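1. structure, please.
(chains A and B, ligands or ions: 2)
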Protein chains: 2
Amino acid sequence: MTRTVEVTELALRDGHQSLLATRMAMEDMVPICEDIDQAGYWSVECWGGATYDSCIRFLNEDPWERLRTFRKLLPNSRLQMLLRGQNLLGYRHYEDTVVDRFVEKSAENGMDVFRVFDALNDVRNIKRALEAVRRTGKHAEATICYTTSPLHSVDMFVDMAEQLCEAGCDSICIKDMAALLRPQPAYDLVKGIKQRCGEDTVVHVHVHSTTGVTLVSLMKAIEAGADIVDTCISSMSLGPGHNPTEALVEMLPGTGYETRLDKDRLRKIKKYFAGIRPRYAEFASNILGVETDIFDSQIPGGMISNMESQLKQQGAADRVEEVMAEVPRVREAAGFPPLVTPSSQIVGTQAVLNVLMGPFKVLTAEFADLMLGYYGETQGDRDPKLIEAASKQAKKEPITCRPADMLKPEWDQLRTNALELEGCNGTDEDVLTYAMFPKVAPKFFVDRANGPKNLGKSPESQTEPSAVSASGGGKSIT
Amino acid sequence: MTRTVEVTELALRDGHQSLLATRMAMEDMVPICEDIDQAGYWSVECWGGATYDSCIRFLNEDPWERLRTFRKLLPNSRLQMLLRGQNLLGYRHYEDTVVDRFVEKSAENGMDVFRVFDALNDVRNIKRALEAVRRTGKHAEATICYTTSPLHSVDMFVDMAEQLCEAGCDSICIKDMAALLRPQPAYDLVKGIKQRCGEDTVVHVHVHSTTGVTLVSLMKAIEAGADIVDTCISSMSLGPGHNPTEALVEMLPGTGYETRLDKDRLRKIKKYFAGIRPRYAEFASNILGVETDIFDSQIPGGMISNMESQLKQQGAADRVEEVMAEVPRVREAAGFPPLVTPSSQIVGTQAVLNVLMGPFKVLTAEFADLMLGYYGETQGDRDPKLIEAASKQAKKEPITCRPADMLKPEWDQLRTNALELEGCNGTDEDVLTYAMFPKVAPKFFVDRANGPKNLGKSPESQTEPSAVSASGGGKSIT
Ligand SMILES: [Co+2]
Ligand SMILES: [Co+2]
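-> Ligands and ions are numbered 1, 2, ... in the order given. Below you'll find the predicted structure:
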């Protein structure tokens, strides 16, 4: 008896986000959509994460138009997105009705599967979005951000899975953005979730390939009963990206598991992206091989390059190793948050400051908020002395409630502000763009009519690869 | 109870052979030997394969001096080499006493572990070398070349393992040069060998990483009881090379298996080669990602680039795909040989000719010899009509005996010829150099006094990568 393992293709979102700084233009994805649509994937991740930001900041592309185009070009596929819970795709907490509105609009424009996570694994920050998804009748996937620390254990993650099931979801995602999920914990975690939450709980496994061990972890996760796994077509895979889809397909014969993917379609998709990827060499990650030091530092690849660029700006490029050693200390002080957008940036920047100015001499506003509970509850205890210092510096008290509970209804104000902007088309979609990126949206609304920019260049006309993070918003870790 | 899995490090031989066309100068390996020696490897592969050829053809380096240097710099390590059975490190069969002499001299100069294989898996071509190794008291490792075909099965390879054990050996190597060994067959094969030949039979697994699935295969091989596995330090890994040593180490925690490698040493070795590898960019393989099409064509990566360069020389660069489709037909006609040096070159060149001139209109001399049994017995039946055509063309009869049985004692003649060459130092080692490379040795003997050439260049002074096979002997597949 052979069991079918379902597959999510990541090329259209996390693949180019991880390898090409999310710069791929819609134009370069359109021609291959038919093959992707016919290849037999369970879902096609193509939206959310850093793509929304990148669309309006770099590509002059309306993200909602991108979504509608995918909907049209992938009629047989489940479209999937990554959603940062109460942060939506922005960098602050939004009041609940904004969350509801975003989910409704995404569903209306064609989204099918919402993978919802919170950077601190605070289930309260995920719940509202899950409920909103369920009201639309779409697939609500609740996410565990996997990390390792003296605190974290398989049991702790299984407990979290149980809370997520109780909160109501259609599947559980184990999300391993830094490639820290080793084979045995992968097995134990999937097994543990199935035992605790029921064998029919759908478990979806998302791993990156940075450390080189996670295809083995996928094998073990499958043996433990994982239902769906995430991979990326080979020509858009490896390094800080993901395991190659074709390698997943080819490792299974004889094992009692199989995918239902069409190898001829995969070959076409591979060939297509092999032609596209070199056009974005300028934005390419400079981590290409395998990096196992991550097991000691827990620092995802993209985070290292962000910190490097911050150090460079301060004329302290030679202090990277000190900063990497500082990260675990900052994490401990902050209750061992997983390192994923935005906690990765908050912890990374604080580690840089600690090395340059002395340990916690200066706190960033964001780190102070993290210590004071304004991002939510951390899984570990936070350093009481630093909470006090943060409170003094930020002139606010620590909170223990759900951060969004502090917010007043804000939709009408957001709508009013957005509509005042030149070029705003008055739709709820535009209001959401403004809500999430108030600094970038005004320029985007004005420039939108000029149409999308394709930042790809023919390989012959490439200049030297430049530091990606120098060109703007830094790298998202998801 | 945790079982220790032993590891062979490949960086000093197969690593740079697979990734940098065997061009690494001894000078670039010397500084890291101490760390390699102290890292806890079971053995360090550092000699044989294509390194001998490369030393005298490209590097003006005496291969025996290289061996003695490794012996000095790796006092605590087992030195390991790859030996092509009755072909030694050359491209024809040698009479038995030449084989004996080569093995004796290698042992005398410091070799510990002899991995002996035959490209056709003809055990008769491996036996003499194994016996010679055993007489020296060194480790005789007998090799199964893994391949896939309609003919090959796990059982067939287990049968071969049994023959090898009966022939007398200290360990069995499963050698997967094209990365075709999937996880389940890896498990079944190791298990099968242990069951048939005894649980205490030492099984050593060598896989390449080209298809992206073989780290999973190593996991399964280990679960089935594999004793030793081959990997390459991460900065010299992946693509047509091997799985990263650090990834092997890091995938094991919790599984009940562990290595005894020192992670700090591995970090140093990684860092060191990360600095060296870019100096050889000119010789770098252009296959870097994962190539799963190999499962259909069974063509190892290096073989494709050889065929491409042959086609280019004939102005037919656009016919690569036809040639790739032709390879399985040529293989079938020739009794499904594994594709490894020299069968990979023989089959590849014949496939090119078939596409350019029509199927088997012209046979190369080597393909004719293969069909007539002059390389040994193939595991499948050969096409009788082509045997007849080969016999006519080559004006010789097919043979069924061991090819070396046709040879008369030749050592004295080889010695006489070698000693006549300018610069020959009169040692048996020099005679062996002449015996294996009669066309290259004369020039090498003359130039030797000028000392080794280092073909590495600072990354800044690199020119465009050139086709490796254009610069000489083509790529060896081992
Ligand atoms: Co991701
Ligand atoms: Co090899």
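2. now the element after the helix or strand of chain A with the lowest mean pLDDT, going C-ward?
-> Within chain A, no helix or strand scores below helix A:301-313, which has a mean of 80 by mean pLDDT, DSSP states H and E. Downstream of helix A:301-313, the first helix or strand assigned by DSSP states H and E is helix A:320-333.
3. residues of that following helix that come out buried?
-> By 16 or more other C-beta atoms under 10 Å in any protein chain shown, the buried positions in helix A:320-333 come out as A:320, A:323-324, A:326-328, A:330-333. For glycine as for every other residue, the C-beta is placed from the backbone atoms N, C-alpha and C.
4. residue contacts, residue A:448?
-> A:60, A:62, A:423 (C-beta atoms under 8 Å, 6 or more residues apart in numbering or on different chains).
5. quick one: which of those is most hemmed in?
-> Neighbour counts for the contacts of residue A:448, by other C-beta atoms under 10 Å in any protein chain shown, peak at residue A:62, which reaches 22 neighbours.
6. can you tell me how far it sits from ligand 2?
-> 51 Å (C-beta to the ion, to the nearest Å).
7. what's the closest non-adjacent residue to that residue?
-> Computed as C-beta to C-beta, 6 or more residues apart in numbering or on different chains, the closest residue to residue A:62 that is not its neighbour in sequence is residue A:448, at 6.2 Å.
8. and what of residue A:49?
-> Nearest to residue A:49 is residue A:82, by C-beta to C-beta, 6+ apart, at 4.2 Å.
9. okay, residue A:244 and residue B:38: tell me how far apart.
-> 35 Å (C-beta to C-beta, to the nearest Å).
10. settle it for me: which of the two has more neighbours?
-> Set residue A:244 next to residue B:38 and count neighbours by other C-beta under 10 Å: residue A:244 wins out with 28 against 15.
11. how about the contacts made by the more buried one?
-> A:231-234, A:237-238, B:212, B:289-290, B:292.
12. now swap in residue A:81 and tell me
-> A:13, A:45-49, A:106, A:111, A:113-115.
13. can you pick the most crowded of these?
-> residue A:46 (30 neighbours).
14. hmm, it is touching residue A:82, no?
-> No - look at residue A:46 against residue A:82 with C-beta atoms under 8 Å: they stay out of range, at 10.1 Å.
15. interface residues of chain A facing chain B?
-> A:182-185, A:188, A:211-213, A:215-217, A:219, A:234-235, A:237-238, A:243-244, A:246-247, A:249-251, A:253-255, A:267, A:288-293, A:295 (C-beta under 8 Å from any C-beta of the partner chain).
16. just the buried members of those residues?
-> When these are checked against 16+ other C-beta under 10 Å, the ones flagged as buried are A:182-185, A:188, A:211-213, A:215-217, A:219, A:234-235, A:237-238, A:243-244, A:246-247, A:249-251, A:253-255, A:267, A:289-293, A:295.
17. low pLDDT regions in chain A?
-> Within chain A, the segments meeting pLDDT under 70 span A:301-302, A:462-478.
18. if we go to 90?
-> A:1, A:91, A:284-289, A:293-294, A:296-318, A:320-321, A:324, A:341-342, A:458-478 (pLDDT under 90).
19. how is it divided into domains?
-> The record assigns chain A these domain ranges, following automatic domain parsing: A:3-283, A:299-405.
20. among those domains, which comes closest to residue B:441?
-> domain A:3-283 (41.3 Å; C-beta to C-beta).
21. what's the distance between that closest one and the middle of its chain?
-> In terms of C-alpha atoms, centre = their mean, to the nearest Å, the centre of domain A:3-283 is set 8 Å apart from its chain centre.
22. partner strands of the host helix or strand of the residue nearest to residue A:49, parallel or antiparallel?
-> Here residue A:82 sits within strand A:79-83, counting by DSSP H and E. Sheet pairing for strand A:79-83, assigned by DSSP bridges, gives strand A:43-48 (parallel), strand A:113-116 (parallel).
23. so is the first one next to ligand 1?
-> Spelled out, it's strand A:43-48. No - Strand A:43-48 stays clear of ligand 1 (C-beta under 5 Å from the ion), getting no nearer than 8.9 Å.
24. export that strand to CSV, keeping only CA atoms.
-> Extracted in CSV, the C-alpha atoms of strand A:43-48 (Å, rounded to 0.1, in the frame of the first residue of the first chain):
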residue,chain,number,x,y,z
SER,A,43,-1.1,24.0,-3.5
VAL,A,44,0.9,26.7,-5.0
GLU,A,45,2.4,29.3,-2.6
CYS,A,46,2.4,32.5,-4.6
TRP,A,47,1.5,35.4,-2.3
GLY,A,48,2.1,37.0,1.1
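25. who touches that strand?
-> Residues contacting strand A:43-48 (C-beta under 8 Å, 6+ apart): A:8-10, A:12-14, A:29, A:36-37, A:63, A:66-67, A:70, A:74, A:77-83, A:89, A:106, A:111-113, A:115, A:228, A:230.
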